[in-house]
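**Q** let's see this in three dimensions:
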Amino acid sequence: MPRTAPPERDPAERVADYGEIYQVMPEPELKRQASRCMDCGVPFCNDACPLGNLIPDWNDLVRTGRWREAIDQLHATNNFPEFTGLICPAPCESACVLAINDESVTIKQVEYAIVERAWEEGWITPQIPESRTGQTVAVIGAGPAGLAAAAELNQVGHEVTVFERDEAPGGLMRFGVPDAKLEKWMIDRRVDLLAAEGIHFSYGADVGGAGMTVDELRHRFGAVVIATGSRVARPLEVPGAELTGVHDAMDYLYIRNRYVATISGGPEGPAAAVEISAEGKDVIVIGGGDTGMDCISNANREGARSTLLLDVYPEVPKDGRYPDTPWPLPLKRSATTYALDEGGERRFGQQVVELRGEGGQVSELVGRKVTGSSSRTLESVAGSEYTLPAQLVLIAVGFTGPEREGLLDGLGVDLDPRGNVDAPAYASTQNGIFAAGDARVGQSLIVTAIAEGRRCARIVDRFLKDAEPVTAVDLPIVHT
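**A** Purely as a prediction, here's the structure:
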């Protein structure tokens, strides 16, 4: 029985709007696809998933039509399967045993179908703790790691408040991922459930800055979880990088996602310091990961004159795997992506040499062809330099770590050699201060962030059981 590709809206249609592009398979086909799972004696999919999802178990439950049991198995390891079912790059599918000599099981599609069926049937309801411990926890950051930590800590009875610097929850799920991949009402639906379970949310809260001092934070809460993400962008160190029209990819995505929120009646965010638009421009994106693809997708929807992504990686081999990522390791690149299906071009083995401009505005990019698979092995191809027109250049080459100024500096936590919070077992060098997600491990996957939050919560709970209660008195909270 062959793999059936997950259904999507037609690229020519969807590029004209910001609506969700992914759809759910009809139930008969879902059962057939779930039946392709071989219930392996050693389920490599389970091992490859940072959450340890019970994939063979819920595949079999879908195969036999036991949907109600399937959502319980899914929630046993994953707080937010609707998020991972849409935007996780699925290391589980790369590790599927069937993928050794065939196409993998459609694990993500089955996962997404289970949770959407559960929402529709009313099976997902608030689970309010029967009692409270009297202990208080502050979670700083409402991304997937922070939300997962908050959910787990609330369920064991602690009073949890989530502080978010932006105007709404979700972190990069809201402000980095386009609505075409994850419509934001899905985030709000889940957060509303968490609020109904007793978690408090405070938005526009600059903890460690103007919103609340570090001393107030330590005084009011028995434990603090740092889940601020990894938001310091890696710079492009080439001549001309300072020109107008050259921007970090996340700055562009924040503006575009806030624009979509505004036209759809969502919360209004702060005005952008610099407006960034791709309309009518030759757009070049530097960096071939998911963030770069999201930039291409947004630029096409804006009406860019041309969209081009330059990727330093070599061309994807015919079997889809580079020599250094054999099965069951996750794929580094795929033959195509949702964004490239909608338009634009990707060129492999390319390196940027210089950005040039006129009157301080970027106007062209100088690049060259390279061989090799990493910054340590790159070699330029002699005589391969070229120039390309570019009025907007977006840098999507990753992040260097969490922001230090304000919260981290104020708390006095140590950093590891890579600039992340030094918390090998989630506890930082400061008593009662913990870290989870990208702030602890660096830029990673959404599924890793959720797993980080869940594991961190266990360590925090263990700490609080031996600590004196701290009551949050007169705490200003915006509860939505």
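
**Q** going forward, measure contacts and count neighbours with C-alpha atoms only.
**A** OK.

**Q** residue 150 and residue 142: what is the separation?
**A** With distances taken as C-alpha to C-alpha, to the nearest Å, residue 150 is found 9 Å from residue 142.

**Q** okay, and the common contacts of those two?
**A** Residues touching both residue 150 and residue 142 by C-alpha atoms under 8 Å, 6 or more residues apart in numbering: residue 162.

**Q** in stretch 247-261, what's buried?
**A** 247-258, 260-261 (16 or more other C-alpha atoms under 10 Å).

**Q** do you know the pLDDT at the residue lying closest to residue 44 once chain neighbours are set aside?
**A** Leaving aside its chain neighbours, residue 44 sits nearest to residue 95 (5.6 Å; criterion: C-alpha to C-alpha, 6 or more residues apart in numbering). Here the pLDDT value assigned to residue 95 is 97.

**Q** just the strands in the stretch 351-480 of the chain please.
**A** Using DSSP state E, counting those that start in this stretch, the strands found in the stretch 351-480 of the chain span residues 361-371, 379-380, 386-389, 392-395, 399-401, 433-435.

**Q** just send those back as a markdown table, with mean neighbour count, mean pLDDT and distance to residue 407 too.
**A** Shown next, in a markdown table, are the strands of the stretch 351-480 of the chain (neighbours: other C-alpha atoms under 10 Å; pLDDT from 0 to 100; distance: least, C-alpha to C-alpha, whole Å):
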| stretch | mean neighbour count | mean pLDDT | distance to residue 407 |
| --- | --- | --- | --- |
| strand 361-371 | 19 | 97 | 35 |
| strand 379-380 | 15 | 94 | 41 |
| strand 386-389 | 14 | 98 | 41 |
| strand 392-395 | 26 | 98 | 26 |
| strand 399-401 | 19 | 94 | 14 |
| strand 433-435 | 27 | 98 | 11 |
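
**Q** which stretch among those comes nearest residue 408?
**A** strand 433-435 (10.4 Å; C-alpha to C-alpha).

**Q** residue most distant from the centroid, this protein?
**A** Ranked by distance from the centre of the chain (C-alpha atoms, centre = their mean), the top residue is residue 383, with 38.8 Å.

**Q** if I look at that residue, how far off is residue 370?
**A** Taking C-alpha to C-alpha, one finds residue 383 at 11 Å from residue 370.

**Q** same check, this time on residue 89
**A** Residue 89 is 27 Å from residue 370, by C-alpha to C-alpha.

**Q** got it, and residue 23?
**A** Taken as C-alpha to C-alpha, the span from residue 23 to residue 370 is 39 Å.

**Q** now residue 450
**A** Distance from residue 450 to residue 370, by C-alpha to C-alpha: 36 Å.

**Q** same check, this time on residue 186
**A** Distance from residue 186 to residue 370, by C-alpha to C-alpha: 41 Å.

**Q** for the stretch 1-150 of the chain, which segments count as helices?
**A** Assigned by DSSP state H, counting those that start in this stretch, the stretch 1-150 of the chain shows helices spanning 11-14, 27-34, 44-48, 55-63, 67-75, 81-87, 91-94, 107-121, 144-155.

**Q** let's see stretch 6-25 as PDB, backbone CA atoms only.
**A** C-alpha atoms of stretch 6-25 as PDB (Å, rounded to 0.1, in the frame of the first residue of the first chain):
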ATOM      1  CA  PRO A   6      -1.200  14.800   2.900                       C
ATOM      2  CA  PRO A   7      -3.800  16.900   1.200                       C
ATOM      3  CA  GLU A   8      -3.000  20.600   0.600                       C
ATOM      4  CA  ARG A   9      -4.700  23.500  -1.100                       C
ATOM      5  CA  ASP A  10      -3.600  24.200  -4.600                       C
ATOM      6  CA  PRO A  11      -0.400  26.400  -4.500                       C
ATOM      7  CA  ALA A  12      -1.700  28.700  -7.300                       C
ATOM      8  CA  GLU A  13      -4.800  29.300  -5.200                       C
ATOM      9  CA  ARG A  14      -3.400  29.600  -1.700                       C
ATOM     10  CA  VAL A  15      -0.600  32.000  -2.600                       C
ATOM     11  CA  ALA A  16      -3.300  34.700  -3.000                       C
ATOM     12  CA  ASP A  17      -4.300  34.500   0.700                       C
ATOM     13  CA  TYR A  18      -3.000  33.700   4.200                       C
ATOM     14  CA  GLY A  19      -5.300  30.800   5.000                       C
ATOM     15  CA  GLU A  20      -4.200  27.400   6.200                       C
ATOM     16  CA  ILE A  21      -2.800  25.300   3.400                       C
ATOM     17  CA  TYR A  22      -3.000  21.800   5.000                       C
ATOM     18  CA  GLN A  23      -6.100  19.700   5.100                       C
ATOM     19  CA  VAL A  24      -7.200  16.400   6.800                       C
ATOM     20  CA  MET A  25      -7.500  13.100   4.900                       C
END
